[in-house]
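Novice: below: sequence and its predicted model.
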Amino acid sequence: MSLSYNRHKRLVEIIQANGEVRIRDLMQRFNISEETARRDIKRLEQDGLVARVHGGAVATQQPKLLAISSRAVSERAEKSTIAEIALGLLKPGQNLFFGGGSTILSLASRISALPEMRVVTNMVDTAIAAAEGYRHRVVMLGGDFNVDFRTVTGFTALRTLREQQIDVAFIGVNAVHPNGVFDHEQVGQELAATLCEQARKIVILADHSKFGLSARYRILPHSAITAIITDRRPASDMLDKIEAAGVEVLYPQNRHNPALAST
């Protein structure tokens, strides 16, 4: 069995699990040249498994996303870094929305000692974490329950959210692309559209591995986003495009955000 066969087999598994793959990740993971990585992607595209995009490829079939319990243990240091920066944006009395995802959960687990706030969420784990210490009022949206991701979605959740006036909404995404932020699931698109109507500010939490990727659904253009918090400085070309749309990008060396100062 050839080395390239084993590499292609592993590459297909990565695509099926994550829904996307990046050129630079292939180069590092398999110790191959950029030319070889691009050739591998081209082969997968010919097989109908991926569609090439800038910097990598996305799956042409619905990805087999990992459950929240599995994702919570990956990129743990990065999630912690992002959550610590996000804490600096929270103020007493705010009405916040915390979306689903392990990075948002990392933020929710850190707020128990903060002055009282109101937290609206569609994720069970986030509601439990935010309620620790009995300090904050936590509102759990109703709706259709996804057992893998422990989130609620659907008409009921969106209707309840439309009755809320949110100061800052924190949401996670699967990809940060020059044209906006993307998600594998259409429900993320519907939720983001509702938050655009109900939230004064929208903040994206995304670790560095999400930058330069795309996914099936664009949930928000950059023009609808107030800030993106990540764990390291994005590549200059990506950073320039995001900031040109009026988005503040926060990372450990750039934590101050004037746009959020009045929130």
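Specialist: Looks like it arrived, so ask away. Residues are numbered from 1 along each chain as shown.
Novice: list the buried ones in stretch 31-51?
Specialist: For stretch 31-51, the buried set under the neighbour-count rule, 16 or more other CB atoms under 10 Å, comprises 32, 37-38, 40-41, 44, 49-50. Where you see a C-beta, it was placed from the backbone N, CA and C, and this is true even at glycine.
Novice: how about residues contacting that stretch?
Specialist: Defining contact as CB atoms under 8 Å, 6 or more residues apart in numbering, one finds that stretch 31-51 is touched by 4, 7-8, 11-12, 15, 21, 23, 26-27, 30, 52, 56-61.
Novice: doesn't Ser80 lie inside a strand?
Specialist: No. According to DSSP: H, G, I helix; E, B strand; the rest coil, Ser80 belongs to no strand; its state is helix.
Novice: in what helix or strand does the closest residue to it other than its chain neighbours lie?
Specialist: Nearest residue to Ser80, sequence neighbours excluded (CB to CB, 6 or more residues apart in numbering): Ser106, at 6.1 Å. Assigned by DSSP states H and E, Ser106 falls within helix 102-108.
Novice: list the buried residues of that helix.
Specialist: 102-108.
Novice: repeat for stretch 188-208
Specialist: So, applying 16+ other CB under 10 Å, buried residues of stretch 188-208: 188-192, 194-195, 198-199, 201-208.
Novice: show the end-to-end separation of it, please.
Specialist: 20 Å (CA to CA, to the nearest Å).
Novice: would you check the buried residues of stretch 31-51 and say which has the weakest pLDDT?
Specialist: Of all the buried residues of stretch 31-51, Leu49 carries the smallest pLDDT score, 73.
Novice: can you list the weak-confidence ranges in the stretch 101-250 of the chain?
Specialist: Filtered on pLDDT under 70, the stretch 101-250 of the chain yields the residue ranges 148.
Novice: residue boundaries of the strands in it?
Specialist: With DSSP state E, counting those that start in this stretch, the ranges of strands along the stretch 101-250 of the chain come out as 118-121, 137-140, 144-146, 151-153, 166-172, 175-177, 180-183, 199-205, 217-220, 227-229, 248-250.
Novice: what's the closest of those to Leu90?
Specialist: strand 166-172 (7.9 Å; CB to CB).
Novice: who are the packing partners of the closest one?
Specialist: strand 95-98, helix 102-108, helix 186-198, strand 199-205 (3 or more CB pairs under 8 Å, 6 or more residues apart in numbering; DSSP states H and E).
Novice: packing partners for the first one?
Specialist: Contact here means 3+ CB pairs under 8 Å, 6+ apart; on that basis strand 95-98 packs against helix 102-108, strand 118-121, strand 166-172.
Novice: now render the ones you listed as CSV, adding distance to Val249.
Specialist: Shown next, in CSV, are the helices and strands packed on strand 95-98 (distance: least, CB to CB, whole Å):
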stretch, distance to Val249
helix 102-108, 16
strand 118-121, 24
strand 166-172, 15
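Novice: who touches the residue nearest to Ala108 when sequence neighbours are not counted in this structure?
Specialist: Leaving aside its sequence neighbours, Ala108 sits nearest to Ala129 (CB to CB, 6+ apart; 4.0 Å). Counting by CB under 8 Å, 6+ apart, Ala129 makes contact with 105, 108-109.
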